[in-house]
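Novice: Sequence plus predicted model, see below.
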Amino acid sequence: MFDNLIFSDSRVREEFLDRFDELAYEARGGGLEGLDSLSYSVDDAHRAINGFQERRDDFVQPGLEAIIRRFGRPAYFIQNDDINTSEAASSSKEVDAIVKAARGALLPSMPSVGRINLRNHDKKWIGTGWLVADGVMITNRHVAMEFASGAGSQCAFLKTAPGQVAEAYFDPTSEHCVARQIEFRIGAPLWISPVTEPYDVAFLSVEAMATDGKNASHAPIHLMCAKDYGSLCDGRWLAVVGYPAFSDSYAAVDQHRIFQHVYDVKRLQPGKLVGTPEFDRMRHDATTLGGNSGSVVLDLTSGYAVGLHFGGKPGCFNLSVPAPIVKRLLHQHVLNRIEDQQ
């Protein structure tokens, strides 16, 4: 995804060149079709990087891009609400250092991102959500429509069988090699963006009491204001936090390499802003999979949410609903209505 952005950081670029032989060797042993019969040198890598910097990649030999994409865009495990930078594939020391430096800004948001688990449904879970206000979770419209119907404020859970209605739960745990599970029941959908609306957004209520009888202590994630969002620049470091799931839409070998055959658990996936932020959408190049639908996109500098991830164009960029749009929709369709009812 926009490999030239990977090398816009000079230290990451130099690290790639220093480790090129090591990365090429690992790639040949990683099951990439045809790579064992191709030979690349550091000179090839230099020419490729120069091409990416100049937005010219027509001369890059097939396979070299795969080596690049296994580098610099990792998917870190979140364990006990902390970021594990020691076990990630497709990583680099420079990217590890960038994420570690942002740890203080990022960690407060980790308990506020959860997997959406389902009951009375043919799927165990579907997508990611995060707390955007007290008692309010946000996710994508296309995620919510898997277990709810309706549009706007006229929504309800789906009937999945005679006498059965789907149930949904907000699960901020489900972490790799961490034996704990805490779920908060998701109440009635508060607002689901109509299909005629351009924004893939849904707001749902979340109960304050967990299924184990404990009270919630998860604070809403702060949304970046319009002024700060508008000042973001191309190449700004961001991170997607959510629950990537294996997808049939992408090459299995690439997914297994980056995600180490471990899916459906909480991850932090760093990347960069692609281009200048637009009013109605934001592009980024973090590595994501289907379960990331509904993930929060965090700014590594402030720790604030800059967007709601909803999809992307494979090999090019991912897309998010900008934080100012999320804030406007939240106040217009949820918070103001709640205040009117009180």
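Specialist: Perfect, thanks for sending it.
Novice: pLDDT below threshold where in the stretch 201-342 of the chain?
Specialist: Counting by pLDDT under 70, the low-confidence segments of the stretch 201-342 of the chain come to 212-217, 314-315, 338-342.
Novice: what about the helices in this structure?
Specialist: For the chain, the helices defined by DSSP state H cover 3-6, 10-18, 20-28, 42-53, 64-69, 93-101, 103-106, 141-144, 226-230, 252-259, 323-330, 336-341.
Novice: now stretch 146-157: mean pLDDT?
Specialist: Averaging pLDDT along stretch 146-157 yields 92.
Novice: Please apply the same query to stretch 105-125.
Specialist: Mean per-residue pLDDT for stretch 105-125: 96.
Novice: so how far is the first residue of that stretch from its last?
Specialist: With CA to CA, to the nearest Å as the measure, stretch 105-125 spans 29 Å from end to end.
Novice: Repeat that for stretch 317-330.
Specialist: Using CA to CA, the end-to-end distance of stretch 317-330 comes to 26 Å.
Novice: and that stretch, how far out from the chain's middle?
Specialist: In this view, stretch 317-330 has its centroid 13 Å away from the chain centroid, taken as CA atoms, centre = their mean, to the nearest Å.
Novice: Now it: buried residues?
Specialist: Buried residues in stretch 317-330, defined by neighbour count with 16 or more other CB atoms under 10 Å: 317-327, 329-330. Every residue, glycine included, has its C-beta placed from N, CA and C.
Novice: Out of those, which comes closest to A102?
Specialist: Nearest to A102, judged by CB to CB, of those is A323 at 17.3 Å.
Novice: got the contact list for that closest one?
Specialist: Contact partners of A323, counting by CB atoms under 8 Å, 6 or more residues apart in numbering, are 223-225, 229, 304-308.
Novice: Now, of the residues you listed, which are buried?
Specialist: 223-224, 229, 304-308.
Novice: ok, so of the buried residues of stretch 317-330, who is nearest E87?
Specialist: Proximity of these to E87 (CB to CB) peaks at N318, which lies at 23.4 Å.
Novice: quick one on the thing from earlier: so which two of the contacts of A323 are the farthest from each other?
Specialist: Maximum pairwise distance among these (CB to CB): 15.6 Å, between C225 and L308.
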